[in-house]
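>>> Predicted model follows, preceded by the sequence.
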Amino acid sequence: MKTLACFAFQLAFLAGAFADPVFEIAKVHPTPGENTREMMFTRLKNPIRLYVDRTPAITDKDIAEALLLDEKDPGVRITLTNEGFEKFDQLVKDSIPGRLAVIVEGKVNRILYISKVERIGAFPVYGNWTSDEAKRIVAALRTSAGR
């Protein structure tokens, strides 16, 4: 029985069942806490230390579609599922005023400053990626979202 359990674990691991999400949106807190993880936002001249929820509110599973934007300025257009949209809407309401971190492949890609509720279902994400990198992220998001 132990051999079967070990084999099942190996299969689940190889299938990516324990892989980190490609895409996350999580609340940013002003100070560290038991349920936060420290991350750095390095896209500015002076990096910013952030304390981000360990459990993201939005992940790959909340994505309905990921599309490549302009190949000359590569980015990814993220469209949320209905459930993802509702989660995002609630996250925004719970975060006013505050910040959200958009995390792509384990790195903070963007900080959203929330001062009012804005109903959106899709938004662009840019990361100074090459066209090939943006295509790979789109493919990974589509695979992760089961599309």
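Arrived safely, thanks for sending.
>>> any idea which element the closest residue to Val76 other than its chain neighbours lies in?
Leaving aside its sequence neighbours, Val76 sits nearest to Val125 (Cβ to Cβ, 6 or more residues apart in numbering; 5.1 Å). Where you see a C-beta, it was placed from the backbone N, CA and C, and this is true even at glycine. Per DSSP states H and E: Val125 is located in strand 122-126.
>>> For the chain, which segments count as strands?
Here the chain has its strands, by DSSP state E, at 23-29, 36-41, 48-53, 58-59, 63-68, 75-80, 98-104, 107-114, 122-126.
>>> Distance from the chain centre to the second one, please.
Using Cα atoms, centre = their mean, to the nearest Å, the distance from the centre of strand 36-41 to the centre of the chain it belongs to is 13 Å.
>>> so it versus strand 98-104, what angle?
70 degrees (axes from the mean of the first three to the mean of the last three Cα atoms, to 10 degrees).
>>> List the strands paired with strand 36-41, with their directions.
The sheet places strand 36-41 alongside strand 48-53 (antiparallel), with pairing taken from DSSP bridges.
>>> Any buried residues in the partner strand, and which?
50-53 (16 or more other Cβ atoms under 10 Å).
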